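Q: I would like to see how this sequence folds:
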Amino acid sequence: MRQMLIPALVALSGCGKKDTASAPPPVGWFSEEGWTMQCYFPPDFDTMNETDRRMKRSQSMDEMLSQWGGKRDDGVSFGDDLVMEVETVLLGRPDNIQAVLQQNLNKCKQAAGGGGSAEWKSWAGGLAAVLTEGECGIPLDYTMFDYLDIESGWQRTLSICQGNVIRISGSESDQYRISDKGPWMNVAGDTSGSSAGADWPCNFEGCYPGQLIMRFVSEAGIETVMPVGLELIFEAPEHGKISYRINDVTLYDNKWYQQGSIIDHTSIEITPMDRVE
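A: Residues are numbered from 1 along each chain as shown. As a prediction, the model looks like this:
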């Protein structure tokens, strides 16, 4: 009888291991033996319909961010600014939430197992930049009106996205001069003069003293200066920023044309256009 019981016990023991191995993964807040905190285990989104998936994504993201915000009293706190930044990015890119939740679980496990939360926080801090890499968050899709300041350098920095096409122009009738005894000019500049020399912001063919000019600085920091004059149509080759000024090496002696009590002031307009073919 005793010999017959041994195989039965072995069989029962094997069944117990099989049940443990096939148990579904946990969902929600759980802690394993030896951990210093609980971690959030996201649900299996692949088993859900689209409506449930959207709802559970939002709920799971809130759970994750509650821990980042220090609301679980487990020693984890990444700061309100970081939490808000990542939340904003993920709300605009909900398809990324599932992957972020899984990555977050892995980072939490490392921290809970004794690795500390420094690497976890560093990963979270760089998440917004990773998720938005290559994107342009602020396209120039509105018309900007301004007045030219002839006594300042680069003015009114504006973000522009790759492929954005703009028209920048200055009023033709308003005049100024860039030296005490120099000629009066509009944004076309002094076409009889020369702006050759390294000190001039725009110093190649097509650039003139006093001319309205524009600068484009790419995200990589590459700077390109170009003459505008009365008008320039520009298509951004990549994401970056634009600004403008007059082409001058000394700004302190510049003066607006005045007739009686009326003083000229050049208006600037930057308008988005359709893509240039």
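Q: which residues in the stretch 101-250 of the chain form strands?
A: Taking DSSP state E, counting those that start in this stretch as the criterion, the stretch 101-250 of the chain carries its strands at 144-147, 155-160, 165-170, 176-177, 212-218, 223-227, 231-235, 240-246.
Q: Kindly state which of those is positioned closest to Val27.
A: Closest approach to Val27 among the strands of the stretch 101-250 of the chain is made by strand 155-160 (41.6 Å; CB to CB). Placement of C-beta: from N, CA and C, glycine included.
Q: Pull up the gap between Ser173 and Ala236, please.
A: Using CB to CB, to the nearest Å, one obtains 29 Å as the distance from Ser173 to Ala236.
Q: hang on, the earlier thing: distance to Asn186 for the strands of the stretch 101-250 of the chain - can I get that in CSV?
A: Below are the strands of the stretch 101-250 of the chain laid out as CSV (distance: least, CB to CB, whole Å):
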stretch, distance to Asn186
strand 144-147, 14
strand 155-160, 17
strand 165-170, 7
strand 176-177, 8
strand 212-218, 9
strand 223-227, 14
strand 231-235, 12
strand 240-246, 11
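Q: hey, least reliable of those by pLDDT?
A: Here the strands of the stretch 101-250 of the chain differ in mean pLDDT, and the lowest is strand 155-160 at a mean of 91.
Q: Skipping adjacent residues, who's closest to the residue most central in space within the chain in space?
A: Centroid-nearest residue in the chain: Gly137, 5.3 Å away (criterion: CA atoms, centre = their mean). Nearest in space to Gly137, with sequence neighbours left out and distances taken as CB to CB, 6 or more residues apart in numbering, is Ser159 at 7.7 Å.
Q: what's the burial count for that neighbour?
A: Residues near Ser159, counting by other CB atoms under 10 Å, number 15.
Q: who does it bridge with?
A: As for beta bridges, Ser159 partners with Lys241 under DSSP bridges.
Q: Verify the contact between it and Leu140 for me.
A: Yes. Counting by CB atoms under 8 Å, Ser159 touches Leu140, with 6.7 Å between them.
Q: Look up the closest residue to Gly193, ignoring the ones flanking it.
A: In this structure, Gly193 finds its nearest non-sequential neighbour in Pro209, 4.3 Å apart by CB to CB, 6+ apart.
Q: tell me the contacts of the one you found?
A: Residues in contact with Pro209 (CB atoms under 8 Å, 6 or more residues apart in numbering) are Ile178, Gly189, Asp190, Gly193, Ser194, Ser195, Trp200, Asn247, Asp248.
Q: Please check the residues you listed and keep the buried ones.
A: Buried members of the contacts of Pro209, counted by 16 or more other CB atoms under 10 Å: Ile178, Gly189, Asp190, Gly193, Ser195, Trp200, Asn247, Asp248.
Q: which ones are touching the fifth one?
A: Okay, so that is Ser195. Ser195 makes contacts with Cys202, Asn203, Cys207, Tyr208, Pro209, Gln211, Asn247, as judged by CB under 8 Å, 6+ apart.
Q: Ok, the second one next?
A: Applying CB under 8 Å, 6+ apart, we find Gly189 in contact with Cys207, Tyr208, Pro209, Gly210, Gln211, Leu212, Pro227, Gly229, Ile246, Asn247.
Q: Show the contacting residues for Val228.
A: Val228 touches Ile168, Ser169, Gly170, Val187, Gln211, Leu212, Ile213, Met214, Tyr244, counting by CB under 8 Å, 6+ apart.
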